[in-house]
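>>> next input, structure requested:
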Amino acid sequence: MSTAAPLRIRPIEARDDAAIATIIRTVMPEFGACGSGFAISDPEVDWMHRAYAEPRSAYFVVERDHGDGHWVVEGGGGVAPLAGGDEATCELRKMYFLSSLRGLGAGAALMARCLDAARGFGFARCYLETLTGMDAAMRLYERSGFRRIDHPMGDTGHGGCNTFYLRELGDA
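Numbering: from 1, shown residues only. Have a look, this model is predicted:
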């Protein structure tokens, strides 16, 4: 990961909940994702640490060093079982970065960490939903081995999403 400032990825802690909620509620409107049907209205956003303490779930934060050891959470993402899906399929969930973190290689690094966690939980596939206009995110998904599918899977509750991807996890 080549960056202007050092980055680190670590599991979410309870003290990160407010920062992650703010990030999600800042980023979603940038892409017109407001109201019901989007993560912004998901009550889980306010208690991410607890939500991802569930079995076969993990959420990671990306911190950037702003100098003198002052690390700031600027993004995050995780995996969890796909609601309404089969036992072998997880969902890449709530992967969002502030604009200050984009373009620094954090997306690829976090994606690798999430997919490794999914494999470690025994999932065979990873599903995700996104929104038209999130072009940089879609390029990351495709570079990471996800292929576009023409229909939603499971019961995520994010009816506002209109683009769907799936990735087999057998290959690294």
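>>> where does pLDDT dip in the protein?
1-5, 29-42, 158-159, 171-172 (pLDDT under 70).
>>> can you give me the strands in it?
7-11, 58-65, 71-81, 89-97, 125-130, 147-149, 163-168 (DSSP state E).
>>> for residue 112, which of those is the nearest?
strand 7-11 (9.2 Å; Cβ to Cβ). Using the backbone N, CA and C atoms, a C-beta is placed for each residue, glycine as well.
>>> by contact count, what packs against that closest one?
Here strand 7-11 touches strand 58-65, helix 106-120, going by 3 or more Cβ pairs under 8 Å, 6 or more residues apart in numbering; DSSP states H and E.
>>> now render these as CSV, adding mean neighbour count and distance to residue 132.
Formatted as CSV, the helices and strands packed on strand 7-11 follow (neighbours: other Cβ atoms under 10 Å; distance: least, Cβ to Cβ, whole Å):
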stretch, mean neighbour count, distance to residue 132
strand 58-65, 22, 25
helix 106-120, 19, 18
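>>> now those as JSON lines including distance to residue 146?
Output for these, formatted as JSON lines (distance: least, Cβ to Cβ, whole Å):
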{"stretch": "strand 58-65", "distance to residue 146": "18"}
{"stretch": "helix 106-120", "distance to residue 146": "9"}
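>>> residue 92 is nearest to which of these?
Of all the helices and strands packed on strand 7-11, helix 106-120 comes closest under Cβ to Cβ, at 5.9 Å.
>>> next, the angle from the closest one to strand 163-168.
Inter-element angle recorded for helix 106-120 and strand 163-168: 50 degrees (by axes from the mean of the first three to the mean of the last three Cα atoms, to 10 degrees).
>>> which residues are in contact with helix 106-120?
Contacting residues not belonging to helix 106-120 are listed as 1, 3, 7, 9, 58, 60, 62, 74-79, 90, 92, 95, 97, 126, 136-137, 140-141, 143-144, 167, 169, 172 [Cβ atoms under 8 Å, 6 or more residues apart in numbering].
>>> who's in contact with the residue most central in space within the chain?
Closest to where the C-alpha atoms of the chain average out (Cα atoms, centre = their mean) is residue 95, at 2.2 Å. When contacts are counted by Cβ under 8 Å, 6+ apart, residue 95 is found next to 75, 76, 77, 78, 107, 110, 111, 114, 137.
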